[in-house]
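> 3D, please:
(one chain, ligands or ions: 1)
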Amino acid sequence: MMPTTPERDLRGHVALVTGANTGIGRVTAETLARWGAHVYLACRSEEKTAPVVDAIRAAGGQVSFLALDLGDLDSVRACAAAFLAAEPALHLCVANAGLAGFRGLTPSGFELCFGVNHVGHYLLVRLLEPALRQAARPEEPARVVVVSSDSHATAKGIDFAAVRTPTRSPTSMAEYGVSKLANILFAKEISRRWADAPVVATSLHPGVVASDIWRRIPGPFRWIAKRFMITVEEGAQTTLHCATSPHLEPGAYYVACRERAPAATALDAGLAVQLWEESARWVGLDGHPQESQAASSRSA
Ligand SMILES: NC(=O)c1ccc[n+]([C@@H]2O[C@H](COP(=O)([O-])OP(=O)(O)OC[C@H]3O[C@@H](n4cnc5c(N)ncnc54)[C@H](OP(=O)(O)O)[C@@H]3O)[C@@H](O)[C@H]2O)c1
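Sure thing, here's the model as predicted:
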């Protein structure tokens, strides 16, 4: 049974949660708002997010919607710009959105799982760095929480060429594992690079959760499988723990609200640096916008 994260007082805090219209992200956002944070819901569809906005408002919480498609880096830039125009400080960024079981290429030219689960979040968090630094206090660091998965252990490394091509495996679970490995390496590298702020980033496995992520499994099998999974409320507990616990190890991986060692590949500091630098190059944060070059050569 998943431990329950104790109630917190987050009045005066600003939080941003990606993929907050459903599943673990919705519970995370609603709980943070109930504890007093002003929560920005960064989601693909305003229509699908409206019930969450209404529920938070009805409960007296503060909430705002931001349009975000993590597969489209122009959308990521617009989302970050809209947030920075509205708020000087961001106390907590929860990189929760994710997809599994889908194949293809993002509009910005990355393997679908990797592009959405890692590259989109990488650019978003990098662009939000000034607001995270603004919120950070020595006694209370700003936080980034990256929702990863134990599936990261299936990845033996990152093929930096393959992640620029359409999904190759039949189920995309191999690519999903790579994207979740990238989530852990990214959290480690944020904590290392932004320790001066301080910004503390952690990653986590939420458990095997009965959410929409299983939508690609055929109906009857899905119904049976979901009976053996934990609920979305239980699945949000480790995210909420990483979002609020006063005792966190920077860069660490959490499972069931406790720190746990990830697979050895996720502890490879050299790979974390390489991923950071390649990602910066891809999204143009080192002055060379590789993703737009790739997109224009595809459309040519
Ligand atoms: N469920 C599990 O057992 C499990 C296990 C390990 C890890 N996780 C991780 O937990 C996180 C939350 O998943 P969940 O189980 O709550 O799944 P979910 O119910 O399917 O929710 C996923 C969220 O991600 C959003 N999303 C997908 N593609 C996006 C895109 N291109 N741009 C912006 N948002 C996008 C979805 O938006 P739409 O509704 O618009 O599609 C949805 O809000 C994911 O990172 C997942 O990898 C889940």
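
> make it CA atoms for all contacts and neighbour counts henceforth
Will do.

> any weak-confidence spans in the chain?
Counting by pLDDT under 70, the chain contains low-confidence ranges at 1, 217-222, 287-300.

> So which residues on it come close to the ligand?
19-25, 43-45, 68-71, 96-99, 116, 147-149, 205-213 (Cα under 6 Å from any ligand atom).

> Just those: which are in strands?
Counting by DSSP state E, the residues of the chain next to the ligand place 43, 147, 205 in strands.

> Please enumerate the helices of the chain.
Per DSSP state H, the chain carries helices over the ranges 23-34, 46-58, 73-86, 112-114, 121-127, 129-135, 173-193, 219-226, 232-235, 237-244, 269-282, 290-299.

> The longest one - contacts with which helices or strands?
It refers to helix 173-193. On a contact count with 3 or more Cα pairs under 8 Å, 6 or more residues apart in numbering; DSSP states H and E, helix 173-193 meets helix 112-114, strand 142-147, strand 199-205, helix 269-282.

> Mean neighbour count added to those, as CSV?
Output for the helices and strands packed on helix 173-193, formatted as CSV (neighbours: other Cα atoms under 10 Å):
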stretch, mean neighbour count
helix 112-114, 30
strand 142-147, 27
strand 199-205, 29
helix 269-282, 17
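
> Residue nearest the middle of this structure, spatially speaking?
Central residue of the chain (Cα atoms, centre = their mean): Ala95, 2.0 Å from the mean position.

> which non-adjacent residue is nearest that one?
Nearest residue to Ala95, sequence neighbours excluded (Cα to Cα, 6 or more residues apart in numbering): Val146, at 4.7 Å.

> I'd like the distance between the one you found and Ala252.
From Val146 across to Ala252, the span is 11 Å (Cα to Cα, to the nearest Å).

> Check Ala264 too.
As for Ala264, its distance to Ala252 is 13 Å (criterion: Cα to Cα).

> Any idea what Val39 is bridged to?
Here Val39 sits in beta bridges with Ala15, Val63, going by DSSP bridges.

> Give me the contacts around stretch 236-249.
Contacts to stretch 236-249, defined as Cα atoms under 8 Å, 6 or more residues apart in numbering, come from residues 2-5, 8, 24-25, 27-28, 32, 92, 94, 143-145, 147, 202, 204-206, 254-259.
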